[in-house]
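Peer 1: Predicted coordinates and the sequence they were generated for:
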There are 4 protein chains.
Amino acid sequence: MVAGIIGATGYAGAELARLLSGHPKTDKLIFSSVSFEGERIENIYPNFLGRVCGTLLKADEVVASSDVVFAALPHGVGEQYAASCMERKIHYIDLSADFRFDDDEATYSAWYGKQYQYPELHKNSVYGLPELNRKRMRELAAKGPVIVGNPGCYPTGASLGAFPAIAKGLALADNAIIVNSVSGTTGGGRELSRSFHYAECADSCAPYKVASHRHSPEIAHNFAAMAAMTGNAAPSLIFTPHLAPMNRGIVSTIYISLVKEWRVTTGSAAAALPPSKEIEAKTDEIRNLYTDFYRDEPFVQILPAGITAATNRVRQSNYCDISVHLDSGGTTLIVAAAIDNMMKGAAGQAVQNMNILFGFDERAGLEAIPALF
Amino acid sequence: MVAGIIGATGYAGAELARLLSGHPKTDKLIFSSVSFEGERIENIYPNFLGRVCGTLLKADEVVASSDVVFAALPHGVGEQYAASCMERKIHYIDLSADFRFDDDEATYSAWYGKQYQYPELHKNSVYGLPELNRKRMRELAAKGPVIVGNPGCYPTGASLGAFPAIAKGLALADNAIIVNSVSGTTGGGRELSRSFHYAECADSCAPYKVASHRHSPEIAHNFAAMAAMTGNAAPSLIFTPHLAPMNRGIVSTIYISLVKEWRVTTGSAAAALPPSKEIEAKTDEIRNLYTDFYRDEPFVQILPAGITAATNRVRQSNYCDISVHLDSGGTTLIVAAAIDNMMKGAAGQAVQNMNILFGFDERAGLEAIPALF
Amino acid sequence: MVAGIIGATGYAGAELARLLSGHPKTDKLIFSSVSFEGERIENIYPNFLGRVCGTLLKADEVVASSDVVFAALPHGVGEQYAASCMERKIHYIDLSADFRFDDDEATYSAWYGKQYQYPELHKNSVYGLPELNRKRMRELAAKGPVIVGNPGCYPTGASLGAFPAIAKGLALADNAIIVNSVSGTTGGGRELSRSFHYAECADSCAPYKVASHRHSPEIAHNFAAMAAMTGNAAPSLIFTPHLAPMNRGIVSTIYISLVKEWRVTTGSAAAALPPSKEIEAKTDEIRNLYTDFYRDEPFVQILPAGITAATNRVRQSNYCDISVHLDSGGTTLIVAAAIDNMMKGAAGQAVQNMNILFGFDERAGLEAIPALF
Amino acid sequence: MVAGIIGATGYAGAELARLLSGHPKTDKLIFSSVSFEGERIENIYPNFLGRVCGTLLKADEVVASSDVVFAALPHGVGEQYAASCMERKIHYIDLSADFRFDDDEATYSAWYGKQYQYPELHKNSVYGLPELNRKRMRELAAKGPVIVGNPGCYPTGASLGAFPAIAKGLALADNAIIVNSVSGTTGGGRELSRSFHYAECADSCAPYKVASHRHSPEIAHNFAAMAAMTGNAAPSLIFTPHLAPMNRGIVSTIYISLVKEWRVTTGSAAAALPPSKEIEAKTDEIRNLYTDFYRDEPFVQILPAGITAATNRVRQSNYCDISVHLDSGGTTLIVAAAIDNMMKGAAGQAVQNMNILFGFDERAGLEAIPALF
């Protein structure tokens, strides 16, 4: 099978090239780049020298010769390739935001400032979060070529962390779910910017785009989708991303107000006392519920009591580790979800989606075990 | 004036030694260490070689020869020195938790597992957060020697970030204030531990002690104190500390549910749209209120619109930078507060407290301007 | 095939566990740990939770049930297991220094302060640097079970960088070869120490154990071995390791005085002028010679002109990248060699050696492509 | 006194602004920037908000109103301001390379590709390394306004580390002195570049511009100057800079072949044995000689036996820490010299030079004690 990557010289594209090079089902890999057309990818990424090699083609050439196309392009330029792929009857997996909002063009336009050029393509595209839409992806793939909108990095961890609480009716719809995320710098991509100049982001941490990050509507969409799917009301969302001095990883700390039935009615103020036995018991109960929810998921793991999700324990892997906690007043569920933003948050998930569309083992090419250090 | 440091070889003690060496009012510096008694401090800290030098004495010797004593000891061992200082009629500034809870021994015991040995000392000690208790510190100092309980690092930033909202009646008491903090590693001190082994904390971020950190009751205490002082009801607290790969700095992102009068009544769900003009105007209004609240504070700065608090902009300084934001639904105030945990969060604040007690210029010895890189 | 790891909870042992879990020829993995016997490895390394699992046995149990044994133990305690493996007629790969000096017990004792307990084992053990001893490893394996002394991390990069110059007679024997290496912190292992306390090694670089590091005699041994093998005189060695704030990676910058025939006779002082065309031509010539030398090596790569070896381009891979340079006076060859110290410098090379002993594809289980970020 | 900074928005300029703001003799600070003329400096450097404030002027305006001018400009554009300052009879301290080579225009042109525009200015300018030229700076200042060529960062540490060996006749002129330096990223300045994009320089180390860095001729010049001054022959130079993931700091490891009289004649090969008592004794002897050489220097410190120079022990200070070692064969002196590249390597040294020119206490404004963490 020939896998094609459009936009292979950005970070997500390069990560895809790395993963697909080691994938047991891809015999050949071809790629394109607008910025470096005609050059060799191993000259742009010297870590690929002697390992992942080839000339960067035009995007159209990649589409014309591939059995599956991955697009790692800026927002707003990929629809034409999706259209070409549909014509050629091959699957198209888009890592930009262009196919993440289904036919909700209003939300897409409000946040990304663009219109859909091919509105009809969005009627049957699917948002590629396997834990939400695996079934739909399989159904569509059974019928023909599929357009997948691969999720954003923050939305992946935030959604996986909140889904069980929403699906099982734990989340109080009156209060917003607060998602406080800390990300490494590769989320900002390969383009140079002051925020990622070493001396100005090393040894520092800060929030950015407070309440105005473009992943907000995507997360809110996912919360609403899970609520609708399970007959619950969807809480609204407050999302604050932070940048920390690390290459990879996102840890999202998620605060979910519990409905009355799930609260521990200690009556005491939240921080007056250390966590009680009652709090621990309720935490265990919710952890079991989370574990049960993800029982069959190959890449989502609920951590046992005493272990907190951390980005270095999923680094360079496709896993999402989740730990479940309760505030000492017993009113609010606190969930920590850790992913590698380049893997489960981008390229890894795209490969997982390819595996689903083609009916491959969902773990194929994604067996990497995190190394801790 | 002779300044004495008990416990000078821990990180807070060493930072005090560094600051007091450059303080215009301290002619001489003496110090003690249980672990390294009889050794020279510059052998424990080779960065002090030729710069900050001297033999580490016994704690009693330091108390006997000082005009002011700083104690940077583990929790639960400093009261005896406080008692000695009161006898010698000299000020005593304690950087442990022992004098942070005034006479609320119940809370102290519940979280620190110890009883007060000298309960009477706690009746007139003062919690040394200048922005809360400067007046009380001055009043006590006018009467005699003072015991100051120097604040914890997380409580300093969290309290300064939330105080104006509580004091001005913006905070809805029904909902907990959520404090989500990210700290550098020096907060963990000099003692070796797996959490601070380079290879296991570099390039990683994770929450820890979720809803069970011992700074929780201190923050809650401060919220209650400010509420009581201004005739407001105190919201409860949910506090989650995180560790990030940096040496210094804490940024606290604080979520405060607004009372109805302060909400922007868009009626729309929180993340549906990017922030509107109305949201920006309300944010400006709250920012002005914050700016006004701290108008006369030498070390607290409210940042202008467009600038978000970041730890590298206060590094190695005694400043607390605060930025004010509003969620896009207009229901929740989001405040980011950044400090250097070793400075405003520990040794710098202790020096600031010394300046207050002695009537020195409050900035003396604390003029360092942050370097960004 | 059952692979056994003795000492699986140190960093090299854990890295072996990670690699062997993904190795196509190992059906089962068992491991031991003195420190954590009876516990589960995934509790010591939570990154292994749900991924690499099992109970830590006694070392003897591992030896008794394995088809090949890896020992990642402190120096001086592994010989007994080597003896047991020889009795059981299975290969034994030792990652300590115990089998790195063949029968040169004098040097081993001078630097490691221990005597050989089983001197006869050292007569037929082999130093496991494939690029030096692949042929000998194969010959020994053809005859029976083999003891491999897996190389140290610094010696691997230093030796691979200098070998072609020594073998081809470029190195002037009168002057010492200077090896200046910079390493990440995992080289120091899992044990806590002040040198690896985050706050004291972040944002800093320094040499350590100058001219007294225990890898010095091993590097010198390798230089002498290559010189003897190719009929050249061996230059002596000056070796200075440095610690830098990174998890993985060693870059060795190697200064080799050239014999007269290989010098560019500009006659000008070294740094008076930028590199000339003549210098570039000579550099190309030497680069070709290096490329030729490693033509058939699967893991050693000579970089083209204009690319300098860097640790992030080999991170988490078994590659050694080498770049070749010449000082502007044309008298000294400067070679930069980069490896991942946990991979080619420890566990990866051990797996490579297993592949050689068993006649597997030498790349099996070592296909990881470095990710750059 | 009014201090002026031309080019205040680069890193060296901003560091000067920070230092001069706290200098006891500068009453007022004015600055210019071509890139940001008319903007306020605290908007470019938000860490300066409320701390170092003012509008960025034109360079000519700065020259016209200052009592001393610092220029932190790109190479090749500052001479006109030097000329203006001489006309206005005020001191001019240039942080570019333009005045580092005295009247050796040939070397300057060969490496920087530019001609002197005002050759006569270079006849009486002085290279501002106080440990080499303090006397000359004072003599010139006694006569009139002075042009100082402030040294480069690498040359400062490399020269200070090698000077005593050259001056005392220890260095064998036949062999090149090898300077192997590792630098933090601020040396690359504020301009964005791929080398300093966080994700591509974090967790990595590599040499760059091997044998072709423009600081090479400056170091060689300094070696020659010290040799000439003391009647010795100057060894040539091989210089290799490396980049490591840290903000500040340079550690230079310097290899100096000893003349016969200073060698320890063990006769044994260099790395065959651990260092002997004889080696230690000779090291002490050389250390004493170094200590003696810098006896009166306020910012150069020779470390005692057992302590190795490290960048974090001089961070944010103007010190140069030097440790002295000997290879185990007793043939080569190994010196480690650590500086903060922004301080002693740039802005701090410029302030030191101002203090010398004006006859201020040489430590004025440079009292910062390094913090270790």
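Peer 2: Good, I have the coordinates. Numbers count the residues shown, from 1 in each chain, chains lettered A, B, ... in the order given.
Peer 1: For A:I178, which phi and psi angles does the backbone take?
Peer 2: For A:I178, the backbone dihedrals (degrees, to the nearest 10) come out as phi -100, psi 120.
Peer 1: Quick check: the closest residue to it other than its chain neighbours vs A:P235, distance?
Peer 2: Distance criterion CB to CB, 6 or more residues apart in numbering or on different chains; nearest residue to A:I178, sequence neighbours excluded, is A:Y255 at 4.2 Å. The way it works is simple: take the backbone N, C-alpha and C, and place the C-beta from them, glycine included. Separation of A:Y255 from A:P235 (CB to CB, to the nearest Å): 11 Å.
Peer 1: list the residues that contact both of those two?
Peer 2: A:I177 (CB atoms under 8 Å, 6 or more residues apart in numbering or on different chains).
Peer 1: Is there any residue in the biggest helix by length in chain A that contacts chain C?
Peer 2: If you go by DSSP state H, chain A has its longest helix at helix A:277-293. No. Looking at helix A:277-293 against chain C by CB under 8 Å from any CB of the partner chain, there are no contacts, and the closest approach is 11.1 Å.
Peer 1: following that helix, which helix or strand comes up?
Peer 2: As assigned by DSSP states H and E, the chain's next helix or strand after helix A:277-293 is strand A:300-302.
Peer 1: Run the angle between the next helix or strand after that next one and helix A:277-293 for me.
Peer 2: Scanning forward in sequence from strand A:300-302 by DSSP H and E, the next helix or strand is strand A:320-326. If you take axes from the mean of the first three to the mean of the last three CA atoms, to 10 degrees, strand A:320-326 sits at 150 degrees to helix A:277-293.
Peer 1: for strand A:320-326, packing partners?
Peer 2: Judged by 3 or more CB pairs under 8 Å, 6 or more residues apart in numbering or on different chains; DSSP states H and E, strand A:320-326 is in contact with helix A:153-167, helix A:277-293, strand A:300-302, strand A:332-339.
Peer 1: CA atoms only for that strand - export them in PDB, please.
Peer 2: Output of strand A:320-326 as PDB, limited to C-alpha atoms (Å, rounded to 0.1, in the frame of the first residue of the first chain):
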ATOM      1  CA  CYS A 320      -3.900   8.500  26.700                       C
ATOM      2  CA  ASP A 321      -3.400   8.000  30.500                       C
ATOM      3  CA  ILE A 322      -6.200   9.200  32.700                       C
ATOM      4  CA  SER A 323      -6.300   9.600  36.500                       C
ATOM      5  CA  VAL A 324      -9.400  10.300  38.500                       C
ATOM      6  CA  HIS A 325      -9.600  12.400  41.600                       C
ATOM      7  CA  LEU A 326     -12.200  14.200  43.800                       C
END
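Peer 1: quick one: strands adjacent to it?
Peer 2: Strand A:320-326 sits in its sheet next to strand A:300-302 (parallel), strand A:332-339 (antiparallel), going by DSSP bridges.
Peer 1: any residues touching the first one, and which ones?
Peer 2: Counting by CB under 8 Å, 6+ apart, the neighbours of strand A:300-302 from elsewhere in the structure are A:131, A:160, A:287, A:290-291, A:294, A:319-324, C:49-50.
Peer 1: A:V68 contacts A:I5, doesn't it?
Peer 2: No. A:V68 is beyond contact range of A:I5, at 9.9 Å (criterion: CB atoms under 8 Å).
Peer 1: Have a look at those two and say which one is more surrounded.
Peer 2: A:I5 (33 against 23; other CB atoms under 10 Å in any protein chain shown).
Peer 1: ends of stretch A:58-76, how far apart?
Peer 2: Start-to-end span of stretch A:58-76 (CA to CA, to the nearest Å) is 18 Å.
Peer 1: Without its sequence neighbours, what residue ends up closest to A:D284?
Peer 2: A:A305 (6.6 Å).
Peer 1: again with A:Y154
Peer 2: A:H215 (4.2 Å).
Peer 1: count of neighbours near that neighbour?
Peer 2: 24.
Peer 1: for the one 5 residues further on, same thing?
Peer 2: The burial metric for A:A220, expressed as a neighbour count using other CB under 10 Å, is 26.
Peer 1: quick revisit: in TSV: the helices and strands packed on strand A:320-326, plus mean neighbour count and mean pLDDT.
Peer 2: Formatted as TSV, those follow (neighbours: other CB atoms under 10 Å in any protein chain shown; pLDDT from 0 to 100):
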stretch	mean neighbour count	mean pLDDT
helix A:153-167	28	98
helix A:277-293	16	97
strand A:300-302	23	98
strand A:332-339	28	98
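Peer 1: Adding distance to D:A211, write these out as TSV.
Peer 2: Formatted as TSV, those follow (distance: least, CB to CB, whole Å):
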stretch	distance to D:A211
helix A:153-167	42
helix A:277-293	58
strand A:300-302	50
strand A:332-339	43
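Peer 1: Quick one: closest of those to C:P207.
Peer 2: strand A:332-339 (36.0 Å; CB to CB).
Peer 1: what angle do that closest one and helix A:153-167 make?
Peer 2: Using the same axes, to 10 degrees, the direction of strand A:332-339 lies 140 degrees away from that of helix A:153-167.
Peer 1: May I have strand A:332-339 as CSV, with CA atoms only?
Peer 2: The C-alpha coordinates for strand A:332-339 follow below in CSV (Å, rounded to 0.1, in the frame of the first residue of the first chain):
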residue,chain,number,x,y,z
THR,A,332,-16.1,18.3,42.0
LEU,A,333,-14.5,15.5,39.9
ILE,A,334,-10.9,16.3,38.9
VAL,A,335,-9.6,14.3,36.0
ALA,A,336,-6.0,14.4,34.7
ALA,A,337,-5.5,13.2,31.1
ALA,A,338,-2.1,13.0,29.5
ILE,A,339,-1.2,12.4,25.9
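Peer 1: Now do the strands in chain A.
Peer 2: A:2-6, A:28-32, A:56-57, A:68-71, A:91-94, A:126-127, A:147-149, A:177-183, A:206-207, A:237-243, A:250-257, A:300-302, A:320-326, A:332-339 (DSSP state E).
Peer 1: would you turn the ones you listed into a markdown table with distance to C:I177?
Peer 2: Shown next, in a markdown table, are the strands of chain A (distance: least, CB to CB, whole Å):
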| stretch | distance to C:I177 |
| --- | --- |
| strand A:2-6 | 44 |
| strand A:28-32 | 41 |
| strand A:56-57 | 40 |
| strand A:68-71 | 47 |
| strand A:91-94 | 51 |
| strand A:126-127 | 59 |
| strand A:147-149 | 55 |
| strand A:177-183 | 44 |
| strand A:206-207 | 47 |
| strand A:237-243 | 43 |
| strand A:250-257 | 45 |
| strand A:300-302 | 49 |
| strand A:320-326 | 46 |
| strand A:332-339 | 45 |
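Peer 1: Relative to B:E362, which of those strands is closest?
Peer 2: Across the strands of chain A, closest to B:E362 is strand A:206-207 (CB to CB), at 26.8 Å.
Peer 1: Can you list the strands that that closest one pairs with?
Peer 2: Counting by DSSP bridges, strand A:206-207 is paired with strand A:237-243 (antiparallel).
Peer 1: Among the strands paired with strand A:320-326, which comes closest to B:A17?
Peer 2: strand A:332-339 (37.2 Å).
Peer 1: so the closest one versus strand A:250-257, what angle?
Peer 2: Using the same axes, to 10 degrees: strand A:332-339 against strand A:250-257 is 160 degrees.
Peer 1: now strand A:332-339, how far from the centre of its chain.
Peer 2: 15 Å (CA atoms, centre = their mean, to the nearest Å).
Peer 1: I'd like to know which of the helices and strands packed on strand A:320-326 is closest to C:P298.
Peer 2: Closest among the helices and strands packed on strand A:320-326, using CB to CB: strand A:332-339, at 32.6 Å.
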